[in-house]
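Chemist: What would the 3D arrangement of this be:
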Amino acid sequence: MLNKPKKGFSFLIRPLVVGLDLITLCLSAYYLLYPSTNYLYFGYLMSGWLVGASVVKFYEVYRFTTIVKILGYCVKQSLIMFLLVFAYLGIVKLDQISAIDVIRFVSIVMLIISINKFLVYTALRKYRLLFNGNNRSVLVIGNSKQTKELVSFFNKKKNLGYHISKIFTDDESDNFDKGFEYLKENRIDEVYCAINENGNDSINDLVNYCESNGIVLKFVPDVEHIPVTHLHTDYYDYIPVLSVPKMPLHFQANIILKRMIDIILSSLVIISILSWLTPLLFIIIKLESKGPLFFIHKRNGVNYGEFWCYKFRSLKVQKENDKLHVSKEDNRVTKVGRFLRKTSIDELPQFVNVLLGDMSIVGPRPHIPRYTDAYAQKIDKFQFVFRHSVRPGITGLAQVKGYRGEVQSDADIIGRVRHDVFYIENWSLLMDFKIIFDTFILLFKGQEKAY
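Modeler: You can find the predicted model right below:
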C-alpha cells in the first residue's frame, strides 16, 4: 500500500482567500464606482486581479514566507490594480470616474485585502502554536551542518507548523538507508535531505518514491561550499547549470533608489536632530572629560575602500590602544559615553557619512581595517568579500538580530557575515524600512551588547 501523506483541509485555505478577495473587489467596485460599472467591468476587474496576482505571486504565501515579502506582494498588486483601472477608463472613456475615485477605490480594496491577508497569516500561526494544528510531518535526513541547523530552526519556529517526525543526522554510514526505510513505514508530508552525502542511485530512489506518493521532497545543499544561497538554474538542453545571479543591490536602479532614500533621511536627521544636539553634547562631553567632541576612525567601506567614520566620543582620551572594541565593564567609557552607547546616540554623526556617500543607513556594519584582515581568516573568503560589495550601514540585519558590539568568538563574526550576505541577496526597500523600525524598537528595549 502506498504511504501517502495525510490530507487535511489546508488545501481549501487558498481558494477561500482568493474567493473572498474577489468578492471584496466586486463589492468595492459596486459601492465606490457604481453606477459607471457594469458586468463587463466586474469581469475585467476579476480577470485582471487574477492575472496580476499570478504575475506578482500574490497568493504564493507559505508558512515560511516572511512578513516583508507579503508586504512586497501587496505593494506590487496595488500598482497593478492602479494600472488596470486607469487602462480600462482610458479605453472606454468614462468621464464620470475621476482619478480621485480610482485612488480611493484601489486604496480601500488593497487595505481590506491586505488586512485580511495578514489576519489569515497570523491566525494560522497562532492556531499552529496554540492548538498544534495545520502541521506538516517532517523527516530530516543527513549529517551536514545545514540539516542540523534546519532541525534547530523547526524546533524554534513552532508557529510554522513543521512537526519533526524523525531525524537521521547522526554519523552512521547507513543514515540515508535508515531514513528511507522510516519514510516507507510512516506517514510523512515533507522530506529534507542533505544532497551532498548520498549517491545518485539512492537519490533517484528517494525522488521516485516521493513523487509516487505525493510527498514533498526538498534538498538541503552544503552552503559552506557554495558562496551564495541564491543560485539561478539554466538548462542547456536537459543539463541543469547553476550560476550566481546579480543581487538586487547590484542593479543601478536599486542603487540610485537606495541612495535617494539615504540622502533624504540623512538630511532630515542632520537638520532636525544633529543641528541642536551637537552643540549640546559638545558642552556635556567637555565638562566630563578633556578631548574632542568626535571620535574619528578609519573603517572599510565598498570594495574595502577606507573612509573616516564619525561618532560622538564616548571614551576617555588616551594613547592608541590595540583594544579598540569596548567590553562590558570597560573603564575607558565615560559616564556620558555609557548613556550615548546604550542609546546608540553616539552613532548619529554617521548620518554625515551617509550624506557624503561613505555609508548607507542600512547595510553591513563597517569594520576597523585591522579587524577586517583578522575576520577574513575565520570565514569563507567569498562571503567576506561579498559583504563589502555594498555600502556599509549605520544599522543592519545582523545588528537587529543580536550581532552587534564586541566580537567575543568566531561564532559572532560568522553569524554577522551570514546575515549580511542574506541582506544583500534579498534586499528590498521594505526590508530596509523593517530593519530601521526594528532598530528603533531595540533602542527602547535595549540590547545585551549595547555597552
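
Chemist: Which residues are in contact with Leu217?
Modeler: Applying C-beta atoms under 8 Å, 6 or more residues apart in numbering, one finds that Leu217 lies in contact with Glu190, Val191, Cys193, Leu206, Val207, Cys210, Glu211. The C-beta positions use only the backbone N, C-alpha and C, and glycine is treated the same way.

Chemist: Among those residues, which lie within helices?
Modeler: Leu206, Val207, Cys210, Glu211 (DSSP state H).

Chemist: quick one: which of those residues is most hemmed in?
Modeler: Highest neighbour count within the ones in helices among the contacts of Leu217: Leu206, with 21 neighbours (other C-beta atoms under 10 Å).

Chemist: That one against Cys193, yeah?
Modeler: Yes: contact status for Leu206 versus Cys193: in contact at 6.6 Å, counting by C-beta atoms under 8 Å.

Chemist: contacts for stretch 420-432?
Modeler: For stretch 420-432, contacts defined as C-beta under 8 Å, 6+ apart pick out 68, 71-72, 75, 228-230, 247-249, 254, 257-258, 261, 361-364, 383, 386-387, 389-390, 396-398.

Chemist: ok, 6 Å please
Modeler: Stretch 420-432 is contacted by residues 68, 71-72, 230, 247-249, 362, 364, 383, 386-387, 390, 397-398 when judged by C-beta atoms under 6 Å, 6 or more residues apart in numbering.

Chemist: Including pLDDT and distance to Lys158, could the contacts of Leu217 go into CSV?
Modeler: Below are the contacts of Leu217 laid out as CSV (pLDDT from 0 to 100; distance: C-beta to C-beta, whole Å):
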residue, pLDDT, distance to Lys158
Glu190, 89, 16
Val191, 89, 20
Cys193, 85, 23
Leu206, 82, 27
Val207, 81, 29
Cys210, 84, 25
Glu211, 76, 29
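
Chemist: ok, of the residues you listed, which one's closest to Asn116?
Modeler: Closest approach to Asn116 among the contacts of Leu217 (C-beta to C-beta): Glu190, at 27.2 Å.

Chemist: Bridged to that closest one, which residues?
Modeler: With DSSP bridges as the criterion, Glu190 is bridged to Val138, Val216.

Chemist: burial count for it?
Modeler: If you count neighbours by other C-beta under 10 Å, Glu190 ends up with 17.

Chemist: mind listing what it touches?
Modeler: By C-beta under 6 Å, 6+ apart, the contact list for Glu190 reads Arg136, Val138, Val216.

Chemist: What ranges does the stretch 351-451 of the chain have for its helices?
Modeler: 369-376, 381-386, 397-400, 410-425, 429-445 (DSSP state H, counting those that start in this stretch).

Chemist: just the stretch 101-250 of the chain next, same as before
Modeler: Along the stretch 101-250 of the chain, the segments classed as helices by DSSP H, counting those that start in this stretch run 145-156, 175-185, 200-212.

Chemist: which element is Gly48 on?
Modeler: helix 39-56 (DSSP states H and E).

Chemist: following that helix, which helix or strand comes up?
Modeler: Sequence order places helix 67-92 as the next helix or strand after helix 39-56, per DSSP H and E.

Chemist: What helices and strands are in contact with that following helix?
Modeler: If you count contacts as 3 or more C-beta pairs under 6 Å, 6 or more residues apart in numbering; DSSP states H and E, helix 67-92 packs onto helix 39-56, helix 99-131, helix 429-445.

Chemist: Can you give me the buried ones in the first one?
Modeler: Using 16 or more other C-beta atoms under 10 Å as the test for burial, helix 39-56 gives Tyr41, Tyr44, Leu45, Met46, Gly48, Trp49, Gly52, Ala53, Val56.

Chemist: between it and helix 99-131, what angle do the directions make?
Modeler: Helix 39-56 and helix 99-131 are oriented at 50 degrees to each other (axes from the mean of the first three to the mean of the last three C-alpha atoms, to 10 degrees).

Chemist: Run the angle between helix 39-56 and helix 67-92 for me.
Modeler: Relative orientation of helix 39-56 and helix 67-92, computed by the same axes, to 10 degrees: 140 degrees.

Chemist: again with the second one
Modeler: Counting by the same axes, to 10 degrees, helix 99-131 points 150 degrees away from the direction of helix 67-92.

Chemist: what packs against helix 99-131?
Modeler: Packing contacts for helix 99-131, counted by 3+ C-beta pairs under 6 Å, 6+ apart, involve helix 13-33, helix 67-92.

Chemist: What is the distance between that helix and the centre of its chain?
Modeler: Remark: helix 99-131 is offset 20 Å from the chain centroid, using C-alpha atoms, centre = their mean, to the nearest Å.

Chemist: Can you point out the buried residues in it?
Modeler: Neighbour counts over helix 99-131 (16+ other C-beta under 10 Å) mark 101-102, 105-106, 109-110, 112-114, 117, 120-121, 124-125, 128 as buried.

Chemist: need the contact list for Leu442.
Modeler: Leu442 neighbours (C-beta under 6 Å, 6+ apart): none.

Chemist: ok, 7 Å please
Modeler: Residues near Leu442 by C-beta atoms under 7 Å, 6 or more residues apart in numbering: Val400.

Chemist: before we move on, what about Lys158?
Modeler: Leu129.

Chemist: and Asn331, that's in a helix?
Modeler: No: checked against DSSP: H, G, I helix; E, B strand; the rest coil, Asn331 lies outside a helix; its state is coil.

Chemist: Output the ones in helices among the contacts of Leu217 in JSON lines, with distance to Lys342 appended to each entry.
Modeler: Converted to JSON lines, these look like this (distance: C-beta to C-beta, whole Å):
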{"residue": "Leu206", "distance to Lys342": "52"}
{"residue": "Val207", "distance to Lys342": "54"}
{"residue": "Cys210", "distance to Lys342": "52"}
{"residue": "Glu211", "distance to Lys342": "56"}
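
Chemist: With respect to Gly357, which of the residues you listed is nearest?
Modeler: Nearest member of those to Gly357, counting by C-beta to C-beta, is Val207, at 50.1 Å.

Chemist: circling back: can you tell me which of the ones in helices among the contacts of Leu217 comes closest to Gly161?
Modeler: Proximity to Gly161 was ranked across those by C-beta to C-beta; first place goes to Cys210, at 19.7 Å.

Chemist: wait, His419 sits on Gln399?
Modeler: No: under the criterion of C-beta atoms under 7 Å, His419 makes no contact with Gln399, lying 8.6 Å away.

Chemist: Between these two, tell me which one has more neighbours.
Modeler: Using other C-beta under 10 Å, the more surrounded residue of His419 and Gln399 is Gln399, with 26 against 19.

Chemist: and the nearest residue to the more buried one once chain neighbours are set aside, what does it touch?
Modeler: For Gln399, ignoring the flanking residues on the chain, the nearest one in space by C-beta to C-beta, 6 or more residues apart in numbering is Arg365 at 6.4 Å. With contact set as C-beta under 7 Å, 6+ apart, Arg365 has these partners: Pro392, Gly393, Gly396, Ala398, Gln399.

Chemist: Present those as TSV; the columns should include pLDDT and distance to Phe294.
Modeler: Converted to TSV, those look like this (pLDDT from 0 to 100; distance: C-beta to C-beta, whole Å):
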residue	pLDDT	distance to Phe294
Pro392	92	18
Gly393	93	19
Gly396	92	22
Ala398	88	25
Gln399	88	21
